[in-house]
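Participant: Model the structure of this input:
(one chain, ligands or ions: 1)
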Amino acid sequence: MNRKNRNDGISRRKFLQTGATFTATAMLAGFGASNVFGTGNKKSKSTSIENVTLNNGVKMPILGFGTLYLTDSLGEKCVAQAITHGYRLFDTATIYNNEDAVGAGIKRSGINREELFVTSKVWVDDYGYENTKKAFQTSLDKLGLDYLDLYLIHRPRGDIKGTWRAMEDLYRENKIRAIGVSNFETEHLNELAEYSEIKPTVNQIETHAFFQQPGAHEFLNQKDVQMQAWSPFAQGRNGLFTNETLAEIGDKYNKTNAQVSLRWHYQRGIVTIPRTSQEAHMIENLNIFDFELSEADMDTISKLDLNKTQFPEWE
Ligand SMILES: NC(=O)c1ccc[n+]([C@@H]2O[C@H](COP(=O)([O-])OP(=O)(O)OC[C@H]3O[C@@H](n4cnc5c(N)ncnc54)[C@H](OP(=O)(O)O)[C@@H]3O)[C@@H](O)[C@H]2O)c1
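Facilitator: Numbers count the residues shown, from 1 in each chain. Got it, this is the predicted structure:
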């Protein structure tokens, strides 16, 4: 892979640091930029979703788009639409069976690859050194890309050591800009630290109002591993979208439960990847940067924690 050509001469360092910034200008014309971002600015104004900086210097948007269940033509349409509305981070995985659809959506959007931050994950069946390398190439081929921004170990079981070694090699070969893990608990991260040569940049774990994971959050902050929330809405389980506490807080700012939830994650410094198949929700979920939850609101939301997964079937 020739990164120099790929970046039109942008140096690797600059590329690593600017990968996901973007100009929304033309794309937002006709979609009501002021509604999307709450800025009220004219369409010529540049805007961007804030980045976090990972422990290897790579920048990652703090808000992205989840693609679980968005397969085939629906996946393609949603990804292309989401790009139009300003999303730049897309989260897929081998097991979602939609990398081809995500790739088709990216292609359909016509966006420059360098503006995107694309994550995929190696599934349990493909663990081990050689299998991971093969699975990675299959993911790239399905996505129609020549590198990934982030590649994660989906779950902590099986041959994690061989899998991580393959990911380290792929990273060294410049085929992945950042490597990380998902669903790892403290003990899994400690074990990984014993033999890894490259530290994980991200741990993607279930996090929402009903499973807030304050212990994991603190541990990951201490270790300089970025926490990323999967199912930031708990898929609406336990009545998240109608929860009265979130609704009362939202009423003060004229925001929905979804927006309050995403803003709460954002103020905790957690990257979120909400999924939606509806254009109105895509716009709504981006519109969280024009208000701020007070400390009292944050405290109130912290009391919603049930400290247990809402997805026992995935354990
Ligand atoms: N690493 C892992 O093990 C793991 C596990 C699960 C998920 N993930 C990742 O995390 C992403 C997000 O999690 P998720 O897909 O499980 O669920 P989620 O984002 O918590 O919730 C998705 C649900 O919320 C609804 N929704 C979205 N925006 C809304 C809004 N503004 N108002 C009302 N409803 C709204 C969607 O319905 P509509 O389509 O009708 O909007 C959909 O039913 C996934 O897509 C995937 O990329 C990773």
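
Participant: does K121 sit in a helix, a strand or a coil?
Facilitator: Secondary structure, DSSP: H, G, I helix; E, B strand; the rest coil: K121 is strand.

Participant: Provide a list of residues in contact with it.
Facilitator: The contact partners of K121, by C-beta atoms under 8 Å, 6 or more residues apart in numbering, come to T92, A93, T94, I95, Y151, L152, I153, H154, S182. Every residue, glycine included, has its C-beta placed from N, CA and C.

Participant: rerun that using 10 Å as the cut-off
Facilitator: K121 makes contact with 91-96, 135, 139, 148, 150-155, 180-183, 204, according to C-beta atoms under 10 Å, 6 or more residues apart in numbering.

Participant: ok, now K303?
Facilitator: Contacts for K303 (C-beta under 10 Å, 6+ apart) come out as A209, Q212, T245.

Participant: and whichever residue of the chain sits closest to the ligand, what is it in contact with?
Facilitator: Of all residues in the chain, G66 sits closest to the ligand, at 2.4 Å by C-beta to the nearest ligand atom. Contacts for G66 (C-beta under 10 Å, 6+ apart) come out as 89-93, 96, 119, 229-233, 272-276.

Participant: Any idea what it is bridged to?
Facilitator: Beta-bridge partners recorded for G66 (DSSP bridges): D91.

Participant: just checking, next helix/strand downstream of the helix or strand bottoming out on mean pLDDT in the chain?
Facilitator: The weakest-scoring helix or strand in the chain, judged by mean pLDDT, DSSP states H and E, is helix 33-37 (a mean of 27). Using DSSP states H and E, the helix or strand that follows helix 33-37 towards the C-terminus is strand 51-53.

Participant: Strand partners (parallel or antiparallel) of that next one?
Facilitator: When sheet partners are counted by DSSP bridges, strand 51-53 sits next to strand 59-61 (antiparallel).

Participant: Mark which of the contacts of K121 are buried, thanks.
Facilitator: By neighbour count, with 16 or more other C-beta atoms under 10 Å, these hold 91-94, 96, 135, 139, 148, 150-155, 180-183, 204 as buried.

Participant: Tell me which of the contacts of K121 fall in helices.
Facilitator: A135, S139 (DSSP state H).

Participant: Now do the phi/psi pair for the closest residue to E168 other than its chain neighbours.
Facilitator: Nearest non-adjacent residue to E168, counting by C-beta to C-beta, 6 or more residues apart in numbering: I198, 4.8 Å away. Main-chain dihedrals, I198, degrees, to the nearest 10: phi -120, psi 130.

Participant: All further residue positions should be reported with the first residue as 10.
Facilitator: In the new numbering, first residue 10, that becomes I207.

Participant: How many residues are close by I207?
Facilitator: 16 (other C-beta atoms under 10 Å).

Participant: G167 too?
Facilitator: When neighbours are counted by other C-beta under 10 Å, G167 registers 14.

Participant: rewinding a little: restrict the buried ones among the contacts of K130 to contacts with the ligand.
Facilitator: Among the buried ones among the contacts of K130, the residues lying close to the ligand (C-beta under 6 Å from any ligand atom) are D100, S191, N192, Q213.

Participant: which pair in the residues you listed spans the largest distance?
Facilitator: D100 and N192 (13.6 Å; C-beta to C-beta).

Participant: what do those two both touch?
Facilitator: Joint contacts of D100 and N192 (C-beta under 10 Å, 6+ apart) are K130, L161, Q213, W239.

Participant: quick one: which of the ones next to the ligand among the buried ones among the contacts of K130 sit in strands?
Facilitator: Per DSSP state E, strands hold the following members of those: D100, S191, Q213.

Participant: wouldn't the second one be in contact with I169 here?
Facilitator: No: contact criterion C-beta atoms under 10 Å: S191 and I169 do not qualify, at 11.7 Å.

Participant: between the two, what contacts are shared?
Facilitator: I162.

Participant: For the stretch 10-159 of the chain, what lies in contact range of the ligand?
Facilitator: By the rule C-beta under 6 Å from any ligand atom, the part of the stretch 10-159 of the chain lying against the ligand is G75, T76, L77, D100.

Participant: For E301, state which of those is nearest.
Facilitator: G75 (24.4 Å).

Participant: Walking through the stretch 10-159 of the chain, point out its strands one by one.
Facilitator: With strands called from DSSP state E, counting those that start in this stretch, the stretch 10-159 of the chain shows them at 60-62, 68-70, 74-75, 98-100, 126-131, 157-162.

Participant: quick one: the fifth one to chain centroid distance?
Facilitator: Averaging C-alpha coordinates over strand 126-131 and over its chain gives two centres that are 9 Å apart (C-alpha atoms, centre = their mean, to the nearest Å).
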